[in-house]
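J.: quick check, what structure comes out for this input:
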Amino acid sequence: MAPQITPENAPNPALVLEVLQSYQRTWALKAAIELDLFRAIGESGGDLASIAKQCSASERGTRILCDFLTISGLLTKEAGHYALTPTSATFLDTRSPASLASVATFLANPMLIDTFKELATIVRTGRTVLPGDGSVEPENPVWVQFAESMAPMMGAVAGPMADLVLDGKSGPMRVLDIAAGHGLFGITVAQKNPQARIVGLDWAAVLQVAKRNAEKAGVQERYELLPGSAFDVPFGGPYDAVLLTNFLHHFDHPANVSLLKKVHTALKPGGVAATLEFVPNDDRVSPPQAAGFALTMLGSTPSGDAYTLKELTAMYEEAGFHGVTGHPIPMSPQTVVLGRA
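T.: Modelled structure (predicted):
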């Protein structure tokens, strides 16, 4: 039966064109970040000539880019002068402590973006066109770039996750941080609990980034490095908590259950396994960011996905965990899933 047409769902060719040209929004923002445009606007009076001069750019190019970013909601324009919005002032002006400008380096990485030119092939085969294990190929240098550029985005999530893991407890504890990357999740636990010792597990080159961040945070004496694959390296232990941040979505159900069983064995009785994930609702189309992340996994991995809380709970329980709960992080598309050994 054909759907009933209402004013809200009337045929709209503009939507088709908007989706087809949405790549322009990606590259417009990346260009603005490369030009340090948002800082230039924040420091200037917002007049075109001053902005262009600070960006070492043409006035024509600067005007068109600023107009496009205004249309996109990242700038405002009044009487020919441009200004930052609260969002761009907070997250895109490089003078801001909360600036996310560096994340463009990773999110616009050609390895991750170019695969989507072959999306029809990927859909037909059900796996990435990247060679081997795709983005999770052993020692893939893209994860060094991830560790170096994505820390600002993850920093805002690390605090709430650490609070959930610690649950008000203090005193001596050992924490294993799997796929540590920049190390901020384990480092934040160490900062909140001065008696916590962290073991960061990741590829050796990636762990050098975590090591530098531990030194900056002043917790290097309580931060150990465990290089290698989470599936192969002995974890040691026992641990009070194990962190699995932005990791399970790269793999299928059997692989995740196998890893979670290994985690369960490494935990003390009553220890907690804390997973950070993009968790869509059961309809798999909401909320938009969490649900849409599945396409990222389709494009970059052989079998990864965005898993619902029911699916993650089933993995946890199959691995021997109990009391599995989901905790959405405020102002974030991600959820912390906790399970007890």
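J.: would you confirm that Leu201 contacts Val233?
T.: Yes - with contact defined as C-beta atoms under 8 Å, Leu201 reaches Val233; the gap is 6.5 Å. C-beta: built from backbone N, CA, C; applies to glycine.
J.: do you know the pLDDT at Ser149?
T.: The per-residue pLDDT reported for Ser149 equals 79.
J.: assess the claim that it and Leu100 are in contact.
T.: No - assessed by C-beta under 8 Å, Ser149 is found out of contact with Leu100, at 9.7 Å.
J.: following the helix or strand of the chain with the lowest mean pLDDT, which helix or strand comes up?
T.: Scoring the helices and strands of the chain by mean pLDDT, DSSP states H and E places helix 142-149 at the bottom, with a mean of 78. Using DSSP states H and E, the next helix or strand after helix 142-149 towards the C-terminus is helix 151-166.
J.: what residues of that next one count as buried?
T.: By neighbour count on 16 or more other C-beta atoms under 10 Å, the buried set for helix 151-166 is 151-155, 157-162, 164-166.
J.: kindly report the same for stretch 96-112.
T.: 96, 99-107, 112.
J.: in a markdown table: the residues you listed, plus pLDDT and secondary structure.
T.: Formatted as a markdown table, the buried residues of stretch 96-112 follow (pLDDT from 0 to 100; DSSP: H, G, I helix; E, B strand; the rest coil):
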| residue | pLDDT | secondary structure |
| --- | --- | --- |
| Ser96 | 93 | coil |
| Ser99 | 90 | coil |
| Leu100 | 87 | coil |
| Ala101 | 88 | coil |
| Ser102 | 86 | coil |
| Val103 | 84 | helix |
| Ala104 | 84 | helix |
| Thr105 | 80 | helix |
| Phe106 | 80 | helix |
| Leu107 | 82 | helix |
| Leu112 | 81 | helix |
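J.: do I have it right that Gly271 meets Leu243?
T.: No - using C-beta under 8 Å, Gly271 is not in contact with Leu243, being 11.6 Å away.
J.: and the strands in this protein?
T.: 75-78, 81-84, 173-178, 196-202, 223-227, 239-245, 267-278, 322-328, 334-340 (DSSP state E).
J.: which one of the ones you listed lies nearest to Val144?
T.: Shortest distance between Val144 and these, using C-beta to C-beta, is found for strand 196-202: 9.7 Å.
J.: state the distance from Leu75 to Ala98.
T.: Using C-beta to C-beta, to the nearest Å, Leu75 is found at 18 Å from Ala98.
J.: I meant to write Glu78 there.
T.: 25 Å.
J.: so this protein: which segments form each domain?
T.: Annotated domains of the chain cover 13-101, 140-340 [automatic domain parsing].
J.: how about these in JSON lines, adding distance to Pro7?
T.: Shown next, in JSON lines, are these (distance: least, C-beta to C-beta, whole Å):
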{"stretch": "domain 13-101", "distance to Pro7": "14"}
{"stretch": "domain 140-340", "distance to Pro7": "22"}
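J.: which one of these lies closest to Ile122?
T.: Closest among these, using C-beta to C-beta: domain 140-340, at 6.0 Å.
J.: any stretches of the chain with poor pLDDT?
T.: Within the chain, the ranges that satisfy pLDDT under 70 run 1-2.
J.: residues contacting Val142?
T.: 106, 109, 111-112, 135 (C-beta atoms under 8 Å, 6 or more residues apart in numbering).
J.: using CSV, please lay out the buried residues of stretch 96-112 together with distance to Ser50.
T.: Output for the buried residues of stretch 96-112, formatted as CSV (distance: C-beta to C-beta, whole Å):
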residue, distance to Ser50
Ser96, 20
Ser99, 21
Leu100, 25
Ala101, 20
Ser102, 25
Val103, 27
Ala104, 24
Thr105, 27
Phe106, 31
Leu107, 29
Leu112, 35
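J.: quick check, nearest of the residues you listed to Thr6?
T.: Out of the buried residues of stretch 96-112, the member with the shortest distance to Thr6 (by C-beta to C-beta) is Leu107, at 36.2 Å.
J.: in stretch 44-53, what counts as buried?
T.: Taking 16+ other C-beta under 10 Å as the criterion, stretch 44-53 shows 44, 46, 48, 50-52 as buried.
J.: just flag the most distant two among the residues you listed.
T.: Gly46 and Ala52 (11.9 Å).
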